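>>> Give me coordinates for this.
(2 chains)
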2 protein chains.
Amino acid sequence: MVETMRWEDETLFLLDQTKLPHVITYLSCQDYPDVKKAIQKLVVRGAPAIGAAAAYGLALGMLKSRGVKFNAPTAQEFYHQAQTIAWELSDARPTAVNLSWALNRMLATLKSAVDNAPASLNINDLRSTLLAEAKAIYQEDLEGNKRLGRLGQTLVPAGAKILTHCNAGALATAGYGTALGVVRAAAAAGKKISVFASETRPLLQGARLTTFELLQEEIPVTLITDGMTGFLMARKMVDLVIVGADRIAANGDVANKIGTYNIALGAREHNLPFYVAAPVSTLDLNLNNGQDIPIEERDPYEVTHFVGKKVAPCGVKVWNPAFDLTPGQYITAIITDRGIVHPPYNKEKWQRLTNPSP
Amino acid sequence: MVETMRWEDETLFLLDQTKLPHVITYLSCQDYPDVKKAIQKLVVRGAPAIGAAAAYGLALGMLKSRGVKFNAPTAQEFYHQAQTIAWELSDARPTAVNLSWALNRMLATLKSAVDNAPASLNINDLRSTLLAEAKAIYQEDLEGNKRLGRLGQTLVPAGAKILTHCNAGALATAGYGTALGVVRAAAAAGKKISVFASETRPLLQGARLTTFELLQEEIPVTLITDGMTGFLMARKMVDLVIVGADRIAANGDVANKIGTYNIALGAREHNLPFYVAAPVSTLDLNLNNGQDIPIEERDPYEVTHFVGKKVAPCGVKVWNPAFDLTPGQYITAIITDRGIVHPPYNKEKWQRLTNPSP
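I've put the predicted structure just below:
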């Protein structure tokens, strides 16, 4: 698989996912505004990948603070500058909670280093601390996904036909993927699974990215449009659904790519398992339910145009939410890197998962 | 509104709907194979419009039989030639029953003229009979839609926000439209309705045609992608659904544009009325239920490409059914040109509607 992002020579290289599947090219980010713009323009997308990119973005910003823009003679001032950059990065996109999760983790690590700093501290040590933490977030996501995949594939019967939506694959994460991590692990276990990928209008992450990943892995994949999911189920052509998540509330309500809810209703109607796969960094236990998850609305241009070609008449009004909400009670299980959780979902259950008592 | 089709100088002019909304141009059909190709390539589409076009196609083919290809010295031979052409036209597309309905009606009228022909019959009189019948089918569809609209709009509350899918408008019919006929009639009744149009991948009839029609009529319309319909309902942004139909079985099962079933499941989940609007020519009482309706599967190219732009990786497999099935029991009412029918739908109820006792 091509790499979603790479750190090299104090530069963050992001695979430009807007150009896939036809062109494989990396965007080099020299400072944090480059990273913010890349997140906004979906050069990098997918909740875990956004989190890792933002962590690198903060590390990058504070490396560049050696230059003209910042002057941080003390560790405390360095910390305040990092807070400012984290604040700027944090509103790049609103829905995926991994963005603020990663930035908060970076700041907490920095705070701890600052609070425990020896008098002889060199500011460059704090820069190294931030970069090491970004690398750890990246690496832990990759390993977490492999663990999630191994756990999740136990839910997948041999020969299963799996429907997935959008791209919750290696490209949406540090690597391996969440929903597609389960698919990869099931394939690796010799289960001879096959996949239906819904194209995921408006930006076609299913058509462009999921099919690309699965063809590379030689896992059989069939492309459909988003309107075909219910009929696919009615025709008994699919056995289960696995999707990713951008934010999960305490009650299991899931914000995920627009179109997910339609699929959940289909799965419910046809008694098919509907699984969500996501690392625990996608949990937002501050929210009791999904109604409070901010849903990003994007440019009408994405809907009125199709890969740069205008398809709708001039002046037509558009509604373009990038995500929707699926109620927790419609989700058969949530597969995380720490374990599989079944309904009813609640705060206590999540806390036992994320902070197991010794 | 622009005309969907026009008969002039022994030529059928079909509005080329594949070029809308940007270019308004008519394809001139000089003989029946032109009409068949136009139906297959979706120059003309929408069940009632296909029926009317096929009727004109048969009339056209038998007008041309004055030329080299056919030689019909007797009325009986003329009828057999018409049967041959009808047979060729009838498999242009499989799902919409209006195609065979219109051709059967044309042949029945011709048969009656042949059987009752005076000895002095001029073969040209049979040609005139066929053309008159095609014109009648066209005209009756137009008038039927207006009646259907007036009936249907009684179901629409003032200020209603209406979701529709694909294009069941003037462009899908001889004029005025079925689902959009109800919308037009409600707007004309001063109900200040507004419409959400789902774009309808793969061929974007919602984005290209429905928005075009409604903008022309100055009826407020908002474009969404097919994946947004459930979330639109969850957010309480829509009050009811009206779609067209390509074939209706005796039990009320409806074949309609792919994506309709997803919307029906959403409407059911959110307790929203789900109406189907179609002329009685869309009924197929030979079928007890929808499982026997042939569902057209179209070229994968429609999904992997758009306006010549490739969007998916080379070699990806595609499933591309053009229609899906919505069970009759999920349909709040079926609005026809002869009256509104409520569940349970059955053959007797339809027969009372289509052949009211004197």
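>>> Now do A:Arg69, the pLDDT please.
No Arg there; residue A:69 is Lys. pLDDT, A:Lys69: 49.
>>> residues of stretch A:315-323 that come out buried?
For stretch A:315-323, burial by neighbour count (16 or more other C-beta atoms under 10 Å in any protein chain shown) applies to A:Val316, A:Lys317, A:Val318, A:Trp319, A:Asn320, A:Pro321, A:Ala322, A:Phe323. In this view, the C-beta of every residue, glycine as well, is placed from N, C-alpha and C.
>>> repeat for stretch A:208-223
A:208-215, A:217, A:219, A:221-223.
>>> Which members of those occur in helices, if any?
Among those, the members found in helices (DSSP state H) are A:Thr211, A:Phe212, A:Glu213, A:Leu214, A:Leu215, A:Glu217.
>>> could the residues you listed be laid out in CSV, adding distance to B:Met106 and pLDDT?
CSV is the format used below for these (distance: C-beta to C-beta, whole Å; pLDDT from 0 to 100):
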residue, distance to B:Met106, pLDDT
A:Thr211, 45, 98
A:Phe212, 50, 97
A:Glu213, 52, 97
A:Leu214, 49, 98
A:Leu215, 49, 97
A:Glu217, 54, 95
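>>> re earlier: now, which of the buried residues of stretch A:208-223 lie close to chain B?
Among the buried residues of stretch A:208-223, the residues within reach of chain B (C-beta under 8 Å from any C-beta of the partner chain) are A:Arg208, A:Thr211, A:Phe212, A:Leu215, A:Val221, A:Thr222, A:Leu223.
>>> Columns distance to B:Ala38 on top of those residues, output as JSON lines?
Below are these laid out as JSON lines (distance: C-beta to C-beta, whole Å):
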{"residue": "A:Arg208", "distance to B:Ala38": "32"}
{"residue": "A:Thr211", "distance to B:Ala38": "32"}
{"residue": "A:Phe212", "distance to B:Ala38": "36"}
{"residue": "A:Leu215", "distance to B:Ala38": "36"}
{"residue": "A:Val221", "distance to B:Ala38": "34"}
{"residue": "A:Thr222", "distance to B:Ala38": "30"}
{"residue": "A:Leu223", "distance to B:Ala38": "28"}
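>>> low-confidence ranges in the stretch 1-150 of chain A?
For the stretch 1-150 of chain A, the stretches with pLDDT under 70 are A:66-72.
>>> need the residues of it near chain B, please.
Near chain B, the residues belonging to the stretch 1-150 of chain A are A:Pro21, A:His22 when assessed by C-beta under 8 Å from any C-beta.
>>> which residues touch the residue of the stretch 1-150 of chain A found nearest chain B?
At 4.2 Å from chain B, A:Pro21 is the closest residue in the stretch 1-150 of chain A, using C-beta to the nearest C-beta. Listed by C-beta atoms under 8 Å, 6 or more residues apart in numbering or on different chains, the contact partners of A:Pro21 are A:Arg208, A:Leu209, A:Thr211, A:Phe212, B:Ala312, B:Pro313.
>>> A:Gln76 now?
A:Val114.
>>> and the gap between it and A:Lys111?
The gap separating A:Gln76 from A:Lys111 is 10 Å, by C-beta to C-beta, to the nearest Å.
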